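Participant: Below are the sequence and a predicted model; questions follow.
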Amino acid sequence: MLLVTLFMLVVLLISAFYVWPLLDESQPNRRKRADPGGTEPRPVPRPESLEGVLVAQLMAGEITGDQYLKAAEGLAARDAERHPLAVPREIGPADA
């Protein structure tokens, strides 16, 4: 019983030391909980690839999931045609 009590005490102390800095409002790097909108959100970077454009359109609701899958399938087929996978030939038996 003493071991269980000591274990619970240690767990509570570790939890308190972890949570304590989160509750401290005097830390300068900590975000305030009730931010009235004084900070401006960072701009979203533009996609650099066609796959990124498709994902952005899917997330924005401009295309459906089926349209995304069809377009991604076409991209994969075009990529396989442009850069075919070259499988190396067998050199010899594996136990040599």
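Facilitator: Looks like it came in fine.
Participant: Could you list the low-confidence segments of the chain?
Facilitator: Filtered on pLDDT under 70, the chain yields the residue ranges 24-38, 94-96.
Participant: what about 90?
Facilitator: By pLDDT under 90, the weakly predicted segments of the chain are 1-2, 15-50, 83-96.
Participant: ranges for the helices of it?
Facilitator: Secondary structure of the chain by DSSP state H: the helices cover 2-23, 50-60, 65-82.
Participant: Redo those helices as TSV? Include distance to T39 and mean neighbour count.
Facilitator: C-beta here means a position set from N, CA and C on the backbone, and glycine is covered the same way. As requested, the helices of the chain are exported to TSV (distance: least, Cβ to Cβ, whole Å; neighbours: other Cβ atoms under 10 Å):
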stretch	distance to T39	mean neighbour count
helix 2-23	19	9
helix 50-60	23	14
helix 65-82	33	11
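Participant: In JSON lines, list these along with distance to G92.
Facilitator: Converted to JSON lines, the helices of the chain look like this (distance: least, Cβ to Cβ, whole Å):
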{"stretch": "helix 2-23", "distance to G92": "57"}
{"stretch": "helix 50-60", "distance to G92": "39"}
{"stretch": "helix 65-82", "distance to G92": "29"}
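Participant: between those, which one is nearest to P93?
Facilitator: Each of these has some distance to P93 by Cβ to Cβ; the shortest is helix 65-82, at 30.8 Å.
Participant: quick revisit: compare the helices of the chain and give me the one nearest R42.
Facilitator: Among the helices of the chain, helix 50-60 sits nearest to R42 (Cβ to Cβ), with 15.9 Å.
Participant: Dump stretch 11-23 to PDB, restricted to CA.
Facilitator: Written as PDB, here are the backbone C-alpha positions of stretch 11-23 (Å, rounded to 0.1, in the frame of the first residue of the first chain):
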ATOM      1  CA  VAL A  11       3.200  10.900 -10.600                       C
ATOM      2  CA  LEU A  12       1.400  13.900  -9.200                       C
ATOM      3  CA  LEU A  13       4.600  15.800  -8.600                       C
ATOM      4  CA  ILE A  14       5.800  15.100 -12.100                       C
ATOM      5  CA  SER A  15       2.500  16.300 -13.500                       C
ATOM      6  CA  ALA A  16       2.600  19.400 -11.400                       C
ATOM      7  CA  PHE A  17       6.100  20.300 -12.600                       C
ATOM      8  CA  TYR A  18       5.000  19.800 -16.200                       C
ATOM      9  CA  VAL A  19       1.800  21.800 -15.900                       C
ATOM     10  CA  TRP A  20       3.100  24.700 -13.700                       C
ATOM     11  CA  PRO A  21       5.000  26.500 -16.500                       C
ATOM     12  CA  LEU A  22       1.900  26.400 -18.700                       C
ATOM     13  CA  LEU A  23      -0.200  28.200 -16.100                       C
END
